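Student: Sharing a model prediction with you, sequence too.
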Amino acid sequence: MYTTDEKLYKKRREFLKLGTAVMLSPALIATKLNALNFIPTTQTQHKITDEKLATSYVNFYEFSTNKKEALKYAQNFSTQNWKIELSGELEKPLTLSMQDILKFQLEERIYRFRCVETWSMIVPWVGFELRKLIEFAKPTNEAKFVKFTTLLDKSQFPDQNALFPTLDYPYIEALRLDEAMHPLTLIALGMYKKPLKAQNGAPLRLVVPWKYGFKSIKSIVKIEFTKTRPQTTWELANPSEYGFYANVNPTVSHPRWSQANERALGELFTKPTLMFNGYEKEVASIYDGLDLRVNF
Ligand SMILES: Nc1nc2c(c(=O)[nH]1)N[C@H]1C(S)=C(S)[C@@H](COP(=O)(O)O)O[C@H]1N2
Ligand SMILES: [Mo]
């Protein structure tokens with residue numbers, strides 16, 4: 001009898017220990033969110049997408065290409081002891097914990113989001129400008145691109161463990177340094193005033209609102225600064241369909257479908273897609289002289 005009780009006691013203690021560790025960064029994020037200033041920087045005419053839809057209709061291939069399956073597998077995802085490694089063309093490499101990341105002042109940004117599959121949404125993200133992190137990391141003059149890598153963990157991501165994985169993992173994305181430094185480019189840690197859910201890219205992801213959704217890489221573990229343009233996962237998988245730039249452009253069709261219109265999650269009818277997803281005024285000038293048909 002005594003032994004049973006002791007076992008139970010030990011189990012419970014282990015469970016509590018695990019619980020606090022897992023809860024640590026979401027709890028910290030939640031504390032930060034309570035002190036949040038509401039700073040919407042871009043006006044959006046349309047209504048914010050229902051939170052339920054934005055957190056359940058997801059693309060996260062590491063879990064599954066099937067949106068329902070992805071949501072299911074994401075429920076067990078652990079972000080315990082998450083680290084972000086910054087390396088490459090930097091004065092010196094560094095590794096940050098989520099506690100370090102949470103020292104950046106968080107703000108809310110309401111952005112349009114457009115997936116290359118033609119669905120769209122409007123999300124209130126919580127995060128900070130990527131340029132703040134870049135300035136903190138101090139890239140050298142040689143740095144011209146920023147490369148992002150998602151976690152590689154076969155025990156947590158079923159598609160990484162598959163006999164024939166859908167993509168060449170880990171998932172990689174990249175931006176030109178000036179795109180990464182643009183004030184619209186965010187590192188998001190939350191949405192809808194809550195920490196990111198696993199299916200949306202916990203504990204931190206990129207958000208580049210004028211580009212197709214696949215550029216907004218989830219669950220980042222590494223940020224590298226490079227001299228040359230990195231090869232990105234989707235570009236490698238199918239270069240004629242997914243370009244490096246992936247700027248939202250209603251006049252450049254995907255080889256298999258038009259990009260002229262989009263359907264917002266929760267809405268019945270489609271509406272026209274806007275150049276640079278509506279951020280033309282803010283970002284068009286950084287592409288001056290670039291042929292957007294060739295560099296799609
Ligand atoms: N690591 C990783 N990041 C990813 C993806 C993915 O499969 N794996 N999917 C991308 C695609 S195609 C889109 S549209 C967005 C979707 O973000 P959401 O599911 O939070 O809406 O995440 C992007 N980031
Ligand atoms: Mo997407």
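Tutor: Nice, I can see it. Ligands and ions are numbered 1, 2, ... in the order given.

Student: Can you give me the neighbour number for the closest residue to ligand 1 within the stretch 101-250 of the chain?
Tutor: Per CB to the nearest ligand atom, Gly213 is where the stretch 101-250 of the chain lies closest to ligand 1, at 2.5 Å. For glycine as for every other residue, the C-beta is placed from the backbone atoms N, C-alpha and C. Neighbours of Gly213 under the rule other CB atoms under 10 Å: 21.

Student: Which residues are in contact with it?
Tutor: Asn59, Phe113, Arg114, Cys115, Val116 (CB atoms under 8 Å, 6 or more residues apart in numbering).

Student: Quick check: the two most widely separated of the residues you listed?
Tutor: Asn59 and Arg114 (12.3 Å; CB to CB).

Student: who's more crowded, those two?
Tutor: Of the pair Asn59 and Arg114, Arg114 is the one with more neighbours under other CB under 10 Å, namely 25 against 19.

Student: ok, what's across the strand from that one?
Tutor: For Arg114, the beta-bridge partners are Ser120 (DSSP bridges).

Student: For the contacts of Gly213, could you give me JSON lines that also reports pLDDT?
Tutor: Listed next are those as JSON lines, based on pLDDT from 0 to 100:
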{"residue": "Asn59", "pLDDT": "98"}
{"residue": "Phe113", "pLDDT": "98"}
{"residue": "Arg114", "pLDDT": "98"}
{"residue": "Cys115", "pLDDT": "98"}
{"residue": "Val116", "pLDDT": "98"}
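
Student: Which of those sits closest to ligand 2?
Tutor: For the contacts of Gly213, the residue nearest ligand 2 by CB to the ion is Cys115; the value is 3.5 Å.

Student: for this structure, what spans make up the helices?
Tutor: When assigned using DSSP state H, the helices of the chain occupy the ranges 2-34, 51-54, 67-74, 98-101, 130-137, 177-180, 233-237, 280-283.

Student: center of the chain - which residue?
Tutor: What sits nearest the mean C-alpha location of the chain, by CA atoms, centre = their mean, is Arg205, with 3.0 Å.

Student: Not including adjacent chain positions, what is the nearest residue to that residue?
Tutor: Lys218 (4.5 Å; CB to CB, 6 or more residues apart in numbering).

Student: What is the end-to-end distance of stretch 48-61?
Tutor: Stretch 48-61 has an end-to-end distance of 25 Å (criterion: CA to CA, to the nearest Å).

Student: got the residues of the stretch 1-150 of the chain near ligand 2?
Tutor: Asn59, Cys115, Val116 (CB under 5 Å from the ion).
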